[in-house]
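need a 3D model of the sequence below.
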Amino acid sequence: MTGSPLEIYRTIGLAPELHLQALHAQREALMVARASGELRINFHTGGTRREVEFRSMADIDRAIASIDREIASLSGRRVRTITLHTSKGL
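Down below sits the predicted model:
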């Protein structure tokens, strides 16, 4: 199946709005965990409870970035990342 994620969800009969709500809830839980330093996160979406334990904060950051890309894709936006590299010139 090809097309944007939004088109795919509509084709197979899923409501992309519900998926977006779940993604936002997961992102919020990840942000709270990152701020508190917790590596174990509980997700409650669609009546299902999942517990995930990450190995590091970098894993949580990668999960947040992945969710951001999926949210942007479902919303019809592109995620742009700018990475700055600096040096003292030594």
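
find the nearest non-adjacent residue to the residue nearest to the spatial centre of the chain, please.
Nearest to the mean C-alpha position of the chain, counting by C-alpha atoms, centre = their mean, stands residue 67 at 1.5 Å. Nearest residue to residue 67, sequence neighbours excluded (C-beta to C-beta, 6 or more residues apart in numbering): residue 27, at 4.8 Å. Where C-beta positions appear, they are placed from N, C-alpha and C, glycine not excepted.

helix or strand for that neighbour, which one?
In the assignment (DSSP states H and E), residue 27 maps to helix 16-36.

from the contact counts, what lies against that helix?
Under the contact definition 3 or more C-beta pairs under 8 Å, 6 or more residues apart in numbering; DSSP states H and E, helix 16-36 sits against helix 5-11, strand 40-45, helix 57-75.

going by neighbour count, list what's buried in the last one.
Yep, that's helix 57-75 we're talking about. Residues of helix 57-75 classed as buried: 60, 63-64, 67, 70-71, 74 (neighbour count, 16 or more other C-beta atoms under 10 Å).

in JSON lines: those residues, plus pLDDT and distance to residue 33.
Formatted as JSON lines, these follow (pLDDT from 0 to 100; distance: C-beta to C-beta, whole Å):
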{"residue": "60", "pLDDT": "87", "distance to residue 33": "6"}
{"residue": "63", "pLDDT": "87", "distance to residue 33": "10"}
{"residue": "64", "pLDDT": "88", "distance to residue 33": "10"}
{"residue": "67", "pLDDT": "85", "distance to residue 33": "13"}
{"residue": "70", "pLDDT": "83", "distance to residue 33": "18"}
{"residue": "71", "pLDDT": "83", "distance to residue 33": "18"}
{"residue": "74", "pLDDT": "76", "distance to residue 33": "23"}
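
returning to what we had before: these two touch, right, the residue nearest to the centre of the chain and residue 29?
No: applying C-beta atoms under 8 Å, one finds residue 67 not in contact with residue 29, separated by 10.1 Å.
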